[in-house]
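Colleague: Next one to model:
(one chain, ligands or ions: 1)
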Amino acid sequence: MSANEPHEREYVAGFACLVGRPNAGKSTLTNALVGSKVAITSSKPQTTRHTIRGIVSGEHSQLILVDTPGLHKPRTLLGERLNDLVRETLLEVDVIGFCLPADQRIGPGDQFIARELAEIMGGRRTPVVAIATKSDTVDRQRLAEHLIAIDRLGDWAAIVPCSATRGDQVGEVAAVLAEHLPPSPGPLYPDDVLTDEPELVMIAELVREAALEGVRDELPHSLAVVVDEVVPREGRSPDHPLLDVRVNVFVERDSQKAIVIGRGGSRLREVGTTARRGIEGLLGQRVHLDLHVKVAKDWQRDPKQLGRLGF
Ligand SMILES: Nc1nc2c(ncn2[C@@H]2O[C@H](COP(=O)(O)OP(=O)(O)OP(=O)(O)O)[C@@H](O)[C@H]2O)c(=O)[nH]1
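Modeller: Got it, this is the predicted structure:
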């Protein structure tokens with residue numbers, strides 16, 4: 001099934017998302033997969049497009065779990081389509097894990113998601129791994145019935161039972177998902193970027209907020225902020241330290257770059273001043289903020305690019 005046979009030991013990296021009806025065990029499984037490495041999540045717009053929930057790093061793989069906000073059976077309008085954001089996310093990932101809890105029979109909610117997945121994936125052939133979650137809650141007989149019902153529900157790349165709370169088969173889930181990731185020269189993210197540096201995320205937020213101030217309508221979603229480096233200025237006395245903070249602001253088009261920069265750079269200076277004040281408040285020391293606006297064409301449609309941009 002997989003193009004990346006495990007024995008080749010080629011490095012693979014990519015994006016996955018877990019879907020399933022409410023209470024299916026997605027969050028618990030995410031935490032079990034990720035272990036202690038819980039990603040910083042932010043409620044701000046920068047990360048609502050693809051909130052990274054965690055990174056699962058193996059010796060030869062990096063699996064980046066992203067959120068699908070609001071994937072559920074619409075309560076009121078049966079048969080309503082999934083919202084565009086969910087569809088977009090599902091189309092951008094390399095593999096999808098569909099969680100079906102063993103303690104409940106397959107129901108209309110699961111069937112709804114299965115139909116949507118079949119349709120969305122039809123053209124692109126994104127593999128869907130069915131995960132029978134909460135396997136600890138039922139006996140073998142019932143689990144077997146559940147697996148058969150899952151098999152009948154759709155065309156899955158694999159079916160894996162697991163118990164996130166007991167830790168049963170969690171490694172197997174990670175391995176099966178990783179089998180469907182594309183080859184990559186190396187990790188898409190530094191392993192520690194999401195765990196060790198909440199300040200970096202907050203700095204990016206502050207810059208993003210400042211850059212969007214007053215121009216939200218003109219730049220909807222088309223802005224990504226990446227903190228390039230934060231280094232103490234050399235030669236400063238310990239009493240008056242200065243931090244050099246270098247930040248890249250990515251936009252999609254030249255016209256958007258012009259908006260961010262403003263006439264003669266006037267707007268960018270304001271953005272810089274506002275953001276710098278915020279960063280100084282956050283870090284409690286003086287900051288020299290170096291802002292660069294760059295055009296990264298079509299970054300929103302390219303998961304690899306999104307990865308590099310810190311999404
Ligand atoms: N026994 C058992 N309970 C589990 C397991 N995984 C999750 N649960 C429980 O099931 C409930 C729902 O789990 P969540 O991980 O929050 O489910 P979710 O799919 O993220 O839910 P939503 O956020 O509503 O979509 C929680 O009470 C969990 O403790 C499991 O492997 N075994």
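
Colleague: Any residues of this protein in contact with the ligand? List them.
Modeller: In this structure, the chain approaches the ligand at residues 20, 22-28, 133-134, 136-137, 163-165, judged by C-beta under 6 Å from any ligand atom. (Glycine included, C-beta is placed from N, CA and C.)

Colleague: between those residues, which has the most around it?
Modeller: T133 (29 neighbours; other C-beta atoms under 10 Å).

Colleague: for the closest residue to that residue other than its chain neighbours, phi and psi?
Modeller: Spatial nearest neighbour of T133, chain neighbours left out: G25 (3.6 Å); criterion: C-beta to C-beta, 6 or more residues apart in numbering. For G25, the backbone dihedrals are phi 100, psi 20 (criterion: degrees, to the nearest 10).

Colleague: dump the residue contacts of L206.
Modeller: By C-beta atoms under 8 Å, 6 or more residues apart in numbering, the contact set of L206 is 275, 278-279, 282.

Colleague: try 10 Å
Modeller: Under the criterion of C-beta atoms under 10 Å, 6 or more residues apart in numbering, the contact list for L206 reads 44, 225, 247, 274-282, 289.

Colleague: what about the helix or strand encompassing it, distance to the chain center?
Modeller: Under the criterion of DSSP states H and E, L206 resides in helix 198-212. Distance of helix 198-212 from the chain centroid (C-alpha atoms, centre = their mean, to the nearest Å) equals 17 Å.

Colleague: residue boundaries of the strands in this structure?
Modeller: Assigned by DSSP state E, the strands in the chain fall at 12-19, 52-57, 61-66, 95-99, 128-132, 158-161, 223-232, 242-251, 286-295.

Colleague: what bits of the chain have low per-residue confidence?
Modeller: Residues of the chain that meet the criterion pLDDT under 70 lie in 1-8, 35-53, 68-86, 190-198, 220-221, 297-311.

Colleague: Distance of the residue sitting furthest away from the middle of it relative to the ligand?
Modeller: Here the chain reaches farthest from its C-alpha mean at S237, the gap being 40.6 Å by C-alpha atoms, centre = their mean. For S237, the distance to the ligand under the criterion C-beta to the nearest ligand atom, to the nearest Å works out to 51 Å.

Colleague: same thing with E92?
Modeller: As defined by C-beta to the nearest ligand atom, E92 lies at a distance of 20 Å from the ligand.

Colleague: wait, that residue sits on I120?
Modeller: No - here E92 lies out of contact with I120, judged by C-beta atoms under 10 Å, at a distance of 11.0 Å.

Colleague: Need the residues touching each of those two.
Modeller: Taking C-beta under 10 Å, 6+ apart as the contact rule, E92 and I120 both touch T126.

Colleague: before we move on, back to that, most neighbours, which of the contacts of L206?
Modeller: Neighbour counts for the contacts of L206 peak at A275, which has 27 neighbours (criterion: other C-beta under 10 Å).

Colleague: show me what contacts it?
Modeller: Residues touching A275, when contacts are defined by C-beta under 10 Å, 6+ apart, comprise 203-211, 213, 225, 245, 247, 249, 287, 289, 291.

Colleague: Now do the buried residues in stretch 263-271.
Modeller: Judged by neighbour count (16 or more other C-beta atoms under 10 Å), stretch 263-271 contains these buried residues: 267-268, 271.

Colleague: Can I get the residues you listed in CSV including distance to G109?
Modeller: Conversion of these to CSV gives the following (distance: C-beta to C-beta, whole Å):
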residue, distance to G109
R267, 47
L268, 48
V271, 44
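
Colleague: and of the residues you listed, the nearest to V34?
Modeller: For the buried residues of stretch 263-271, the residue nearest V34 by C-beta to C-beta is V271; the value is 34.0 Å.

Colleague: contacting residues for E270?
Modeller: With contacts defined as C-beta under 10 Å, 6+ apart, E270 is in contact with 210-211, 213-214, 262.
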